[in-house]
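[1] predicted structure and sequence below. I'll ask about it afterward.
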Amino acid sequence: MEGMAAFSLVAQDPPPTPLVFSSPHSGRHYPAEMLAATAVDPEALRRSEDAFVDEMIAPTSARGAAVITARYGRAWMDLNREPWELDPAMFEGDLPLFARGRSARVAAGLGAIARVAAEGREIYARKLTFAEAQARVEGTHAPYHDALGRLLARARAAHGMAVLIDWHSMPEAAARTAVTPRHGKGCDIVLGDRFGASCTQKLTNLVERELEGMGYRVARNAPYAGGYTTEHYGRPASRTHALQIEISRALYLDEETLAPTEGLARLIADIGRLATVLAQSWPKLKPA
């Protein structure tokens with residue numbers, strides 16, 4: 001496996017706020033060893049990325065957030081999955097018992113190592129080996145989550161709590177399926193808090209109010225309630241609050257060409273405004 005770092009990180013020490021902003025799916029790098037084994041072109045792999053989300057959240061480091069973003073493409077290793085959530089059908093021989101995924105995501109071809117790309121196309125022209133999967137977990141997934149865990153621990157030590165915002169983008173087709181009480185069918189942004197389990201409702205309410213005030217149609221928990229990151233780290237009782245934010249790609253991207261539109265600049269500015277509010281308001285999130 002190539003030696004490039006698994007993530008990019010911008011953080012101050014000590015952290016000025018408890019905010020940690022992450023983007024696990026915006027990586028753009030696909031190692032040569034992967035491309036040699038694929039049956040699709042790199043353009044098909046790129047369609048699974050949360051394109052440009054890393055650029056959206058990068059400026060928030062100047063507003064007090066620690067920012068961690070993936071460098072490898074999601075199709076190489078999905079950092080928002082349990083690391084051993086693998087599809088046995090993709091591999092030579094039997095996988096270890098701990099690595100035999102049986103989730104709905106694996107069944108759909110979207111485990112920690114994806115089986116399918118855009119439009120359900122099979123990614124690989126051959127079976128993978130468990131050694132290849134293990135190398136991806138140890139070289140990409142483990143370092144990213146080790147760094148993320150340390151950022152959250154530092155935030156708790158400095159401020160008595162950590163606030164993790166996990167940023168994603170979703171296809172416009174998915175955004176159209178959401179239903180919001182105020183706007184009816186369709187949304188711009190989905191907030192996923194595991195139906196209230198991963199963070200205080202004060203956080204979800206604050207983010208929803210701010211985004212609605214900026215003119216976005218905001219839904220909660222459908223079609224996305226939060227993935228591995230939100231579920232794994234969101235422990236309000238242990239002073240770590242995690243919220244997933246999904247942004248419709250129609251707001252900033254031509255989904256055919258993957259080129260950004262003028263909407264990207266607006267989102268960068270609005271996410272910066274939200275970060276400023278969170279940096280100022282986080283003490284209000286603590287229990288009364």
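    Received, thanks.

[2] ok, residue 153 to residue 240 distance?
    Computed as Cβ to Cβ, to the nearest Å, the residue 153 to residue 240 distance reads 9 Å. Any C-beta I mention is one placed from the backbone N, CA and C, and that applies to glycine too.

[3] also residue 35?
    Distance from residue 35 to residue 240, by Cβ to Cβ: 37 Å.

[4] show me where the stretch 151-288 of the chain has strands.
    Ranges of strands in the stretch 151-288 of the chain, per DSSP state E, counting those that start in this stretch, are 162-170, 179-180, 184-185, 189-192, 218-220, 240-248, 253-254, 259-260.

[5] can you list contacts of stretch 51-58?
    The contact list for stretch 51-58, computed with Cβ atoms under 8 Å, 6 or more residues apart in numbering, reads 8, 10, 21, 23, 25-27, 65, 67, 69-70, 167-169, 247, 249, 252-253, 258, 260, 264, 267-268, 271.

[6] now do that stretch: distance to the chain's middle.
    The chain centre lies 11 Å from the centre of stretch 51-58; the measure is Cα atoms, centre = their mean, to the nearest Å.

[7] partner strands of the lowest-mean-pLDDT helix or strand in the chain and their direction?
    Between all helices and strands in the chain, the lowest mean by mean pLDDT, DSSP states H and E belongs to strand 179-180, at a mean of 83. The strands beside strand 179-180 in its sheet (DSSP bridges) come out as strand 184-185 (antiparallel).

[8] who's in contact with the partner strand?
    Under Cβ under 8 Å, 6+ apart, the answer for strand 184-185 is 176, 177, 178, 179.

[9] closest to residue 210 out of these?
    Ranked by distance to residue 210 (Cβ to Cβ), these are led by residue 178 at 18.5 Å.

[10] quick one, grab the pLDDT at the closest one.
    Residue 178 is assigned 90 on the pLDDT scale.

[11] likewise residue 263?
    For residue 263, the model assigns a pLDDT of 97.

[12] now residue 2
    59.

[13] next one: residue 17
    pLDDT for residue 17: 98.

[14] shaky segments in the protein?
    Counting by pLDDT under 70, the chain shows low-confidence ranges at 1-3.

[15] quick check: most distant residue from the centroid of it.
    residue 93 (31.1 Å; Cα atoms, centre = their mean).
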